[in-house]
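Student: Give me the fold of what follows.
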Amino acid sequence: MAAERELGAPMRPRFIAGLAAASGWKVRGLAAVFGLIAGLGFAPLNLVPAFALGLMGLVWLAAEAPHRRAAFVVGWWWGFGHFAADSYWIARPPGPVPETMRDQF
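Tutor: So this is what the prediction gives:
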């Protein structure tokens, strides 16, 4: 009977099961990393598959959250990582600065 339960259970790699059981700063850090990865999908790198990977990570972590507040915290940290990755180039765009804007930088 125990073998039947094991066969009916979904197969997960050991590290994924460990991450799903993680809590606290591990989940928050992982959410921020997924947000950073998602930020690579926008300008100037435009790595769209990285955005898809980061978004899948957000959905996965939010689905594994034990309650709504934990899912909100996961989303907040994902957004923080995404904002950090996407905001660095706004203050000074990459590449040469046009002559008309040199006094601003």
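Student: Do I have it right that L30 meets G57?
Tutor: Yes - L30 is in contact with G57 according to CB atoms under 8 Å; the separation is 7.4 Å. (C-beta placed from N, C-alpha, C; glycine too.)
Student: shaky segments in the protein?
Tutor: 1-22, 89-95, 97, 101-105 (pLDDT under 70).
Student: give me that answer again for 80
Tutor: Within the chain, the ranges that satisfy pLDDT under 80 run 1-23, 43-44, 88-105.
Student: so where do the helices sit in it?
Tutor: All helices of the chain, identified by DSSP state H, fall at 2-8, 14-21, 25-39, 48-64, 68-86, 88-91.
Student: For P66, grab the count of nearby residues.
Tutor: Counted with other CB atoms under 10 Å, the neighbours of P66 add up to 8.
Student: ok now do it, which residues does it touch?
Tutor: P66 makes no contacts at all, as judged by CB atoms under 8 Å, 6 or more residues apart in numbering.
Student: From here on, call the first residue 55.
Tutor: New numbering, starting at 55: the last item is P120.
Student: so what's the backbone phi/psi at it?
Tutor: phi -70, psi -20 (degrees, to the nearest 10).
Student: ok, now how distant is it from G133?
Tutor: 20 Å (CB to CB, to the nearest Å).
Student: List the buried residues for stretch 115-126?
Tutor: In terms of neighbour count (16 or more other CB atoms under 10 Å), stretch 115-126 has its buried residues at 115-116, 118-119, 124-125.
Student: Need the distance between the two termini of that stretch.
Tutor: Stretch 115-126 has an end-to-end distance of 10 Å (CA to CA, to the nearest Å).
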